[in-house]
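>>> for reference, the sequence and a predicted model appear below.
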Amino acid sequence: MNKSVLFVLMLLISSCAQTQTSPSSTNTVPSLFERIGGLPVLTVVVSETIDRSVNDPKIKRSFDGIKLSTLKQSVVDQLCVLTGGNCVYEGETMQNSHRDLKITTAEFELFVEAFRTSLNKHVGEREKNELLKILAPMKRDIVTD
């Protein structure tokens, strides 16, 4: 066998061996999206939160005239993106989408309480806290009082 052919063959075998062992030797950390449980869990959390909120007399006015299925999907998409999932969020900015709603601090806190309640049922404590930390800065774009 020609030395150059033997050399190329050895390189190919070595390359294949490295390719097969590389994925198992890399220790990738799952994204927050994956640790939360992905779209199934985000969908349940968002649906429960919005359903609870639209039935709360203290904050339901904020949802008047809004198509809830569209809102739910938009929020799921946004949370998916923010937690590292492979989704696309095509909604408005928080400031634009809440500008005319005149959301008060009290209303915001009631919504967050509903969100936390659902997270507590479906998501681990660490993941819940990571997600809330990501979302906390949005308050300034949502509350207008």
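Sure thing, it's come through.
>>> quick one: buried residues of the helix or strand Val45 falls within?
Taking DSSP states H and E as the criterion, the element that holds Val45 is helix 38-54. Within helix 38-54, the residues scored as buried using 16 or more other CB atoms under 10 Å are 39, 41-50, 52-54. Quick note: C-beta positions are derived from backbone N, CA and C, even for glycine.
>>> ok, so of the residues you listed, who is nearest Gly124?
Using CB to CB, Val41 comes nearest to Gly124 of the buried residues of helix 38-54, at 10.4 Å.
>>> the closest one against Val123, yeah?
Yes. Val41 is in contact with Val123 according to CB atoms under 8 Å; the separation is 6.5 Å.
>>> distance check, Gly84 against Asp77.
13 Å (CB to CB, to the nearest Å).
>>> who touches the helix holding Val45?
By CB atoms under 8 Å, 6 or more residues apart in numbering, the residues outside helix 38-54 that reach it are 33, 36, 59-60, 62-63, 68, 71-72, 75-76, 79-80, 83, 85, 87, 110-111, 114-115, 117-119, 121-123.
>>> let's see the PyMOL selection covering just the buried ones among the residues you listed.
The following PyMOL line selects those of those that are buried, judged by 16+ other CB under 10 Å:
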select buried, resi 33+36+59+62+63+71+72+75+76+79+80+83+85+87+110+111+114+115+118+119+122+123
